[in-house]
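Visitor: the sequence and its predicted three-dimensional model are supplied below.
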Amino acid sequence: MKKLYIRTFGCQMNEYDSARMADVLGVGEEVVRAERPEDADIILFNTCSVREKAQERVFHDLGRVRLLKREKPELIIGVGGCVASQEGASIVKRAPYVDVVFGPQTLHRLPQLIARRRESGRPQVDVSFPEIEKFDAMPPARVEGASAFVSVMEGCSKYCTYCVVPYTRGEEISRPLDDVLAEISGLVARGVKEVTLLGQNVNAWRGAVGGDEAETGDFALLLECVHEIPALERIRYTTSHPCEMTPRVIDAYARLPKLVSQLHLPVQSGSDRVLAAMKRGYTVLEFKSVVRRLRAVRPDLSLSSDFIVGFPGETEADFDKTMALIDEIGFDGAFSFAYSARPGTPAADYDDPVGADTKLAWLAGLQQRIDAQAQALSQAMVGTVQRILVEGVAKKNVDELCGRTDNNRVVNFPAPSPHRERLIGQFVDVTISAALPHSLRGEIVVRAF
């Protein structure tokens, strides 16, 4: 039995990839997850390039496990993810005690890379882009609970000026429709009731249909087909791009009740000038038009978004336009960042006159406004009945259960102990009784016992 420690940085795609690393390593031998690196036989860092100084943080973490390698020479240390894809063999040059370096598209080769490292005694580096091979080589995912992530496409072909994803994950590659449906059907057969479809630009999916690579379907077709899978009750997806929110995808919200009333739709800025400099491919008016059409067919749609403040050349007037957009749309949460240059991206060469203090002040003001909107929406849910998927025991009270609403809010509620375990993985109705800063409280309405 091998013990595996994985530290994951970044997005849900990375969380998904980390789970798949454990899956592929568990095919040839029994592998269990370790809580601490000190207990592990294999240590993996699944990295992300989005945050500032991502590379330096990776080497900082590597330095902390270097002593473990001295004490246990057979220990395998690996670096995967987007920083690995960016840095490649230079990671080994700087940290020669690293055994394997692999990119997001080569994680399925991890057992072979480790085997070659043990046989040859030399570090192994593979940050290539073998396209669809990764999905074909993956073993069935392990099921833990009633919800699961399913990667349907990878990479990005948008080339926003600030973003490293096209360089670290490659261009957009979509899985064939039949492969996606087969994976989801297998998950549902093992008790999964909710899936989240994953991709860097998930609604840009253009997968082969019916085994014919020349014939491709759009994301709306994928949603329609997933919706038809019996016993699947809820469909989510992330992350979407405004340019791919086609009339057919918008119409899906009118026709597909399993599709949740919650959407993460990154806008990044409320200024047309900044959006053009970012090369986002849409204007503020076009973004608002997408939102208006979505809410026309799904009035209760909850929207979250991404924002970057302090992009090179952004002015106070540009930032004010972003705040005005937030007030007009009413967002239910956001991932917001102060801009920092990513090596190798076009924006890294732009003049960046926005001061650090200004960026941080803008960021704090924006997040405060978003938080206030989210709290108001939570407060408006008090007294309503919400259908939630029960995920397990509440974190802070073992006498309570927790689950998520359609719009992705966590609800904690008391449940009688004789029947508590039976409710986990089931849908129940709860009346929302209180709105807390990061969760809701509720009382069960329809008892399944």
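Guide: That came through, no problem.
Visitor: do a quick rundown of the helices in the stretch 201-350 of the chain.
Guide: For the stretch 201-350 of the chain, helices defined by DSSP state H, counting those that start in this stretch occupy the ranges 219-227, 247-255, 272-278, 284-297, 316-329.
Visitor: same list (these) but as TSV, adding mean neighbour count and distance to residue 262.
Guide: Quick note: C-beta positions are derived from backbone N, CA and C, even for glycine. What follows is these, written out as TSV (neighbours: other CB atoms under 10 Å; distance: least, CB to CB, whole Å):
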stretch	mean neighbour count	distance to residue 262
helix 219-227	21	14
helix 247-255	16	11
helix 272-278	19	24
helix 284-297	16	11
helix 316-329	17	14
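Visitor: which one of those lies nearest to residue 20?
Guide: Closest of these to residue 20 is helix 219-227, at 19.7 Å (criterion: CB to CB).
Visitor: which other helices and strands contact that closest one?
Guide: helix 177-189, strand 194-198, strand 234-238, helix 247-255 (3 or more CB pairs under 8 Å, 6 or more residues apart in numbering; DSSP states H and E).
Visitor: using TSV, lay out the ones you listed together with mean pLDDT and distance to residue 122.
Guide: Shown next, in TSV, are these (pLDDT from 0 to 100; distance: least, CB to CB, whole Å):
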stretch	mean pLDDT	distance to residue 122
helix 177-189	95	35
strand 194-198	96	34
strand 234-238	97	39
helix 247-255	98	48
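Visitor: between those, which one is nearest to residue 385?
Guide: Short answer: strand 234-238, nearest of those by CB to CB, at 16.6 Å.
Visitor: now whichever helix or strand residue 69 is part of: average pLDDT?
Guide: Assigned by DSSP states H and E, residue 69 belongs to helix 54-71. Averaged across helix 54-71, pLDDT comes to 86.
Visitor: paired strands for whichever helix or strand comes after it, with orientation please.
Guide: On the C-terminal side of helix 54-71, the nearest following helix or strand under DSSP H and E is strand 76-80. Take DSSP bridges as the rule and strand 76-80 pairs in its sheet with strand 42-47 (parallel), strand 100-102 (parallel).
Visitor: just put these in a markdown table and tack on mean neighbour count, mean pLDDT and distance to residue 429.
Guide: As requested, the strands paired with strand 76-80 are arranged in a markdown table below (neighbours: other CB atoms under 10 Å; pLDDT from 0 to 100; distance: least, CB to CB, whole Å):
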| stretch | mean neighbour count | mean pLDDT | distance to residue 429 |
| --- | --- | --- | --- |
| strand 42-47 | 26 | 95 | 37 |
| strand 100-102 | 26 | 96 | 45 |
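Visitor: next, format these as CSV and append distance to residue 168.
Guide: Converted to CSV, the strands paired with strand 76-80 look like this (distance: least, CB to CB, whole Å):
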stretch, distance to residue 168
strand 42-47, 9
strand 100-102, 12
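Visitor: how about the strands of the stretch 251-400 of the chain, start to end?
Guide: 262-264, 302-309, 334-338, 385-393, 400-404 (DSSP state E, counting those that start in this stretch).
Visitor: which stretch among the helices of the stretch 201-350 of the chain comes nearest residue 158?
Guide: Residue 158 sits nearest to helix 272-278 of all the helices of the stretch 201-350 of the chain, at 10.1 Å, using CB to CB.
Visitor: which residues touch the closest one?
Guide: The contact list for helix 272-278, computed with CB atoms under 8 Å, 6 or more residues apart in numbering, reads 160-162, 268-269, 282-284, 308, 311-314, 318, 347, 350.
Visitor: confidence-wise, which helix or strand of this structure is lowest on average?
Guide: helix 133-137 (a mean of 72; mean pLDDT, DSSP states H and E).
Visitor: report the buried residues of that helix.
Guide: Buried residues in helix 133-137, counted by 16 or more other CB atoms under 10 Å: 134, 135.
Visitor: just the CA trace of it, in CSV.
Guide: C-alpha atoms of helix 133-137 as CSV (Å, rounded to 0.1, in the frame of the first residue of the first chain):
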residue,chain,number,x,y,z
GLU,A,133,-5.5,10.6,-25.1
LYS,A,134,-5.8,11.8,-21.5
PHE,A,135,-9.5,11.0,-21.3
ASP,A,136,-9.2,7.7,-23.1
ALA,A,137,-6.5,6.5,-20.7
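Visitor: and residue 420, what element?
Guide: In this assignment (DSSP H and E), residue 420 forms part of helix 417-423.
Visitor: chain center to that helix: distance?
Guide: Mean-position distance between helix 417-423 and its chain equals 31 Å (CA atoms, centre = their mean, to the nearest Å).
Visitor: next SSE after that helix?
Guide: Following helix 417-423 in sequence, per DSSP H and E, is strand 427-435.
Visitor: run the angle between that next one and strand 194-198 for me.
Guide: Using axes from the mean of the first three to the mean of the last three CA atoms, to 10 degrees, the inter-axis angle of strand 427-435 relative to strand 194-198 is 80 degrees.
Visitor: so strand 427-435 versus strand 385-393, what angle?
Guide: Using the same axes, to 10 degrees: strand 427-435 against strand 385-393 is 100 degrees.
Visitor: would you check how far apart the residue nearest to residue 207 when sequence neighbours are not counted and residue 127 are?
Guide: Using CB to CB, 6 or more residues apart in numbering and skipping residues adjacent in sequence, the residue nearest residue 207 is residue 174, 4.1 Å away. Going from residue 174 to residue 127 by CB to CB, to the nearest Å gives 21 Å.
Visitor: sorry, back to before: my read: the residue nearest to residue 207 touches residue 203, true?
Guide: No: between residue 174 and residue 203 there is no contact, the gap being 11.0 Å when judged by CB atoms under 8 Å.
Visitor: so for these two, which residue has more residues nearby?
Guide: residue 203 (27 against 24; other CB atoms under 10 Å).
Visitor: wait, doesn't the more buried one sit right on residue 250?
Guide: No: Residue 203 sits out of contact with residue 250 when judged by CB under 8 Å, with a separation of 10.4 Å.
Visitor: please name the residues that touch the closest residue to residue 216 other than its chain neighbours.
Guide: Nearest residue to residue 216 in three dimensions, chain neighbours excluded: residue 206, at 4.6 Å (CB to CB, 6+ apart). Taking CB under 8 Å, 6+ apart, we find residue 206 in contact with 172, 174, 216, 217, 218, 219.
Visitor: dump the helices of the stretch 201-350 of the chain into TSV; add distance to residue 29 as well.
Guide: Formatted as TSV, the helices of the stretch 201-350 of the chain follow (distance: least, CB to CB, whole Å):
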stretch	distance to residue 29
helix 219-227	34
helix 247-255	43
helix 272-278	46
helix 284-297	48
helix 316-329	50
